[in-house]
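Peer 1: sequence first, then the predicted structure, then my questions.
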Amino acid sequence: MREFLHGVGDLGRGFRLWGSSPRLMLLGAVPALIVGAVWVGLLIALLTSIDGLAVWLTGFADGWSEPFRSAVRAAAGLAIVVLAVVVGALSFTAVVLTVGDPFYERISRAVEVRLGDAPPERDEPLLRGVLRAAGDGLVLLLASIVVGLTSFFLGLIPVAGPAIGGLFGVVVGGWFLAVELTGTPFDARGFRLKERRRTLQRSCARTLGFGVATWLVFIIPFGAVIAMPAAVGGATVLSRRVLERIAAVELR
């Protein structure tokens with residue numbers, strides 16, 4: 001639990017950048033604002049058609065008596081919302097990190113320099129960096145779809161399903177969110193996606209603390225726009241602490 005709370009604190013350290021580097025953070029909020037506007041529009045479109053989708057998915061219940069028919073359709077509607085939130089949050093992060101890669105690299109670099117012992121700057125062409133971020137984002141996006149579908153089917157369980165599916169989405173989605181956000185600091189040290197994931201697993205509780213806290217902020221209306229640059233800064237702090245801990249253990 002202490003490590004989990006340290007992870008939550010890493011996100012808090014990222015939010016402090018709004019006070020110390022407001023102009024840089026505003027730059028980081030621009031890609032999140034643009035992508036967020038599109039995602040909000042898609043969510044509104046989904047919510048306006050949620051009743052029809054629930055009826056379509058539960059056609060097998062047309063002949064059921066009340067209140068069972070309404071109950072299963074309400075569960076289906078909530079499951080669809082859980083699916084949309086899980087896939088939406090992870091895909092939002094993947095797209096924003098790809099679109100705003102130069103901005104978020106600057107934020108991560110500023111945190112590295114402030115904390116000291118920053119890795120050498122990458123001499124990488126802009127296009128190659130964007131394509132690399134897009135490739136990693138695509139892999140994690142596919143994983144998010146699997147997580148979202150699992151949350152959806154869990155949400156169909158009578159009575160407790162939506163709560164179980166939502167909790168699963170928060171925990172597992174939070175983990176993948178942390179993996180996504182730590183891309184820049186790990187890439188700066190030559191770690192690819194598979195190595196990054198394995199490294200974060202060695203500090204699972206702290207990574208989950210950061211990811212779950214970020215997830216909960218992201219699902220607040222417009223929270224993702226404000227939190228996105230802070231999450232990148234917090235992810236840089238998290239990455240350094242995880243790597244420092246591993247280095248300390250290996251030196252013993």
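Peer 2: Everything's here; your move. Numbers count the residues shown, from 1 in each chain.

Peer 1: residues near Ala248, how many?
Peer 2: Other residues lying near Ala248 total 9 when counted by other Cβ atoms under 10 Å. No exception for glycine: its C-beta is placed from N, CA and C like everyone else's.

Peer 1: in which helix or strand would I find it?
Peer 2: Secondary structure from DSSP states H and E places Ala248 in helix 223-251.

Peer 1: just the buried residues of that helix, please?
Peer 2: For helix 223-251, burial by neighbour count (16 or more other Cβ atoms under 10 Å) applies to 224-243.

Peer 1: any stretches of the stretch 151-252 of the chain with poor pLDDT?
Peer 2: For the stretch 151-252 of the chain, the stretches flagged by pLDDT under 70 are 155-156, 158-159, 251-252.

Peer 1: pull the number of nearby residues for Phe210.
Peer 2: 35.

Peer 1: secondary structure class for it?
Peer 2: helix (DSSP: H, G, I helix; E, B strand; the rest coil).

Peer 1: which residues are in contact with the closest residue in space to it that isn't next to it in sequence?
Peer 2: Distances taken as Cβ to Cβ, 6 or more residues apart in numbering place Gly7 nearest to Phe210, at 3.8 Å, with adjacent residues excluded. Contacts for Gly7 (Cβ atoms under 8 Å, 6 or more residues apart in numbering) come out as Ala178, Ala205, Arg206, Thr207, Leu208, Gly209, Phe210, Gly211, Val212, Ala213, Leu238.

Peer 1: list the residues that contact the third one.
Peer 2: If you count contacts by Cβ under 8 Å, 6+ apart, Arg206 has them with Glu3, Phe4, His6, Gly7, Asp10, Leu238, Arg241, Val242.

Peer 1: tell me the angle the strand or helix carrying Leu78 makes with helix 223-251.
Peer 2: Using DSSP H and E, Leu78 maps to helix 68-99. Following axes from the mean of the first three to the mean of the last three Cα atoms, to 10 degrees, one obtains 70 degrees for the angle between helix 68-99 and helix 223-251.
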